[in-house]
Structures are given as structure tokens and as C-alpha cells.
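Asker: here is the input, now give the coordinates:
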Amino acid sequence: MGRPLMFNGSPRTEGRFGRSRRRSSSSILTLDSFKPRPTNELLVLQPTAFCNLACDYCYLPNRDSPEVMIPETASRTVERLIESNLLGSVLNVCWHAGEPLVAGRRFFREAIRQIDEVSPPTTVVRHAIQTNATLIDDSWCDLFLELEFSVGVSIDGPEAIHDRHRKTRSGKGSLPMVLRGVSQLRRRGVPFHVIAVLNAESLPDPGAYLDFFEGLGIEELCLNIDEAEGDYARSSFQSRDGLFREFYERLIDEAEARQLSFGIREFSRSVAAVLGDPARIEVNGEFFPSNAQTVPMQIISVARDGKFSTFSPELQGALSLDGFCFGNVWTDSFEQAIGRPEFQKTMQRILAGVRVCKSSCPYFSWCGGGAPANKYFENGDFTTGTTTYCRTAVQIPFDDALKRLELAAGTTANLEKL
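Answerer: The predicted structure is shown next:
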């Protein structure tokens, strides 16, 4: 479980996006309504919904289904990208969902061969995979090295933290199995990062938390909270912002004092957000910071059977809940899907939520309207504003980065010189 998301950054205020000319919300939106016209930034392929673990915070349905995607579904998806003029110079493919390694090495070799076969020579294809590492052996390391996979491993922390929520299907703690896989990666020299899901039990001792990850040889530590999504109804951080803020500030203090050999994603991207200058996008005369989760088809998620969704990847796991399946790559083009009434309704409501953020949130210039999935699952509607995810993943890390940069600069006035 991990979110393939970055929020945008700018040291400017909301005013830099200027006054916008409001268009009727009933207008039919197409890809050409967005300027610049969107291209796909992330393709999330879910080779199987099955997972060999039973994590209690998992939001994905159908985790017992053993069915596996056929390789042709992956290559058909790329053909659909080309058909709708959504393929750019780089295609970032993230293999995700249940436990993707369950699909087997033969599947990955054939699927990637077919993707390469249909991709134009002008497009660089990059593959990433998010795994619980329990199935990793020498043969998997061979594949990762041969195909130059970016590998993410799901580990929540020391045994008392990890095994509380990430158990095997028989109810045992899964950390020993995960660490065996990590040892294989390290022995074979396969670089990897970690996505760790935080919950209330993770917070008491940031020092011990970092001790554990320092010993793993990771490249980066990425922090997700146990978000309220899909089948997982309530985050342990709901109404507990102060608890998370204290943990996060102590964690970064400890990380700076230790001069860690690995980065912490939330800190790195928050600094980039403060110092950066975000891209912006125009939608029928309105200007917003570009946010891949609020622009159609910049993120596309494809399920095992070819059904696809867009906007937040987590909506793919909610297909059975509220009609977030917008088509199937075997029968529908992405442009056809956009023209349908159910897609138009969802897109208009997501844009309405972006406007709520623009009018009410001081962080809007940096995040561009948040994550629609979190608005839907936490607040019950896309047309809402701040969520627990916003506060923990965006606002608190941003405040911390701004404070540290101001201290380093001496004064706020010198911040622009950094």
C-alpha cells in the first residue's frame, strides 16, 4: 500500500495565479479544455488484486481473487495512450495493488516485452514496483536488475509496530519474511526505498523508529498515514493533528542531527515546494497549480481485467462503490471515457473541490487542490476542502520545512536567497 503522489511547490502566494474567468460548470470538458493539454504522468497497473498478507488497514477489495492480468492488457493500455495522444517522452509505469509479485516473473517479462514492442522509440519507459518483499529471492533480484526496476518495499517499522497491522493470512507477524526479502535485495545490490504506513502506535519514539530504518540500507523513507479509504473507514490520525506534528518535528530534528544516509520524502518534497515554482494549468479560463490528481488522465490506474480509472489511484480500489470505473482498455479509448456523463459529473465535482481549496486554504498554491480520493472517503464528497491527509502529508511537513528554511536564512526576507 503506497501512494505514488507528489504535491507541487511554490514560495509564492495564491495571488500569483491571477484572477480567473469563471466558466459554466455545465460545460463539457475534454482534454483540449486543459492547457497545456494533459499527457500521462503515471500509469498504475494492477496485475492482481490478490495479496498474501492481510494488513488490517488495506483499502483494496477482492484481495482473495487469484486472477492475474494477461500481458496483452498492459500493452493494450499503452496503445490506448498513444491513440488518445496521452503518451509523452517518458512513460512511468508503477506495478501496484495487492502483492504484484504474485503475478510471477514470466508475466512481468512478457508484459514488459509487449509494452516495449508497442512504445515508440521516442518514449523512455520506466518501471517501478511496490512490494511487501515476502516473495523476493535471487530470481526476483535478477529480474529487478535486468529490467532496471525501481523497487519500493512496504515496511512500517520495528516489529512491535509492523506486526501489529501487517500480518500473514494465518495471523502471524510478517516482519521476518519481509526482512528476508530485504536481505536478498541488499546482498544483490538492488537499490530500494521504503513506504511506511504510520499509525498512532508509530509515534512515541522517533529515535527508535529511525534506528530501525538506518539498519536497512534504504535509499529513501516515505511516510504514509493509515488513510481512511475504501474498506478502511477511519484513520487513527483523525482529529489528532497535534500528535502527528510533534512526531514529525522530532523525527526531522533527529534526522538532521544524525545526518542520515537516506532521505525522508516528506521533508525533501516540502523543501522543494517552498523553494520551487510550480507548473500551472488553465481550465477554460481558470488557472490552478498543476496537480496530477485533479487533471484527467495524468494518472491512470488499470485493474487486472482492463477496467480503468483516473485522478487519485485509490479510486481504482473503489470501483464497486460509486462508479469510478470509466471504461475498459479492451473496449474504450480514454477520450471516449471523458465524454461520458458519469465522467463529466466526477470531473466537474473534483474541479469544484479544487475551487473550494483555492478560496479557503492558504496551502493551495503548493498542493493545487489536494487528493480527490481523500476528500471522497473522509468528507463524503469531492466538492470539499481540507482532509486529514492534507494536514499530515502537506500542511505539517510544509510548515516544518518553511520554519527550518527561515531559521537557516536568518530572516524570512532572506528566504528567497536560499
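
Asker: burial measure for the nearest residue to D64 once chain neighbours are set aside, as a count.
Answerer: Spatial nearest neighbour of D64, chain neighbours left out: F50 (6.9 Å); criterion: C-beta to C-beta, 6 or more residues apart in numbering. C-beta coordinates here come from the backbone N, C-alpha and C atoms, glycine included. F50: 20 surrounding residues under other C-beta atoms under 10 Å.

Asker: okay, F50 and E99: tell me how far apart.
Answerer: To E99, F50 is 7 Å away according to C-beta to C-beta, to the nearest Å.

Asker: can you classify the closest residue to E219 other than its chain neighbours as helix, strand or coil?
Answerer: Spatial nearest neighbour of E219, chain neighbours left out: H193 (4.9 Å); criterion: C-beta to C-beta, 6+ apart. For H193, the assignment made with DSSP: H, G, I helix; E, B strand; the rest coil gives strand.

Asker: heads up, I number from 56, so please use that
Answerer: In the new count, where the first residue is 56, that last one comes out as H248.

Asker: H248 pairs with what?
Answerer: Using DSSP bridges, the bridge partners assigned to H248 are G207.

Asker: surely it and L271 touch.
Answerer: No. Look at H248 against L271 with C-beta atoms under 8 Å: they stay out of range, at 10.3 Å.

Asker: using the three-state scheme, assign the residue nearest to D119.
Answerer: coil.

Asker: where along this protein do the strands fall?
Answerer: 89-90, 97-100, 145-150, 179-186, 205-209, 247-253, 275-280, 318-319, 335-338, 341-344, 354-357, 362-365, 382-383 (DSSP state E).

Asker: want to try CSV for those, with distance to T442 as columns?
Answerer: Listed next are the strands of the chain as CSV, based on distance: least, C-beta to C-beta, whole Å:
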stretch, distance to T442
strand 89-90, 24
strand 97-100, 21
strand 145-150, 23
strand 179-186, 22
strand 205-209, 22
strand 247-253, 16
strand 275-280, 11
strand 318-319, 22
strand 335-338, 22
strand 341-344, 17
strand 354-357, 18
strand 362-365, 19
strand 382-383, 27
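
Asker: just put those strands in TSV and tack on mean neighbour count and distance to K227.
Answerer: Below are those laid out as TSV (neighbours: other C-beta atoms under 10 Å; distance: least, C-beta to C-beta, whole Å):
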stretch	mean neighbour count	distance to K227
strand 89-90	16	49
strand 97-100	23	30
strand 145-150	20	26
strand 179-186	18	19
strand 205-209	22	17
strand 247-253	22	19
strand 275-280	21	23
strand 318-319	18	30
strand 335-338	19	48
strand 341-344	21	45
strand 354-357	26	31
strand 362-365	25	33
strand 382-383	18	38
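
Asker: out of those strands, flag the one nearest V411.
Answerer: strand 341-344 (12.1 Å; C-beta to C-beta).

Asker: that closest one pairs with which strands, parallel or anti?
Answerer: Here, using DSSP bridges, strand 341-344 pairs with strand 335-338 (antiparallel).

Asker: dump the partner strand to CSV, keeping only the CA atoms.
Answerer: Below are the C-alpha coordinates for strand 335-338, written out as CSV (Å, rounded to 0.1, in the frame of the first residue of the first chain):
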residue,chain,number,x,y,z
ARG,A,335,0.2,25.8,-13.6
ILE,A,336,-2.7,24.7,-15.7
GLU,A,337,-5.6,26.6,-17.3
VAL,A,338,-9.1,25.0,-17.5
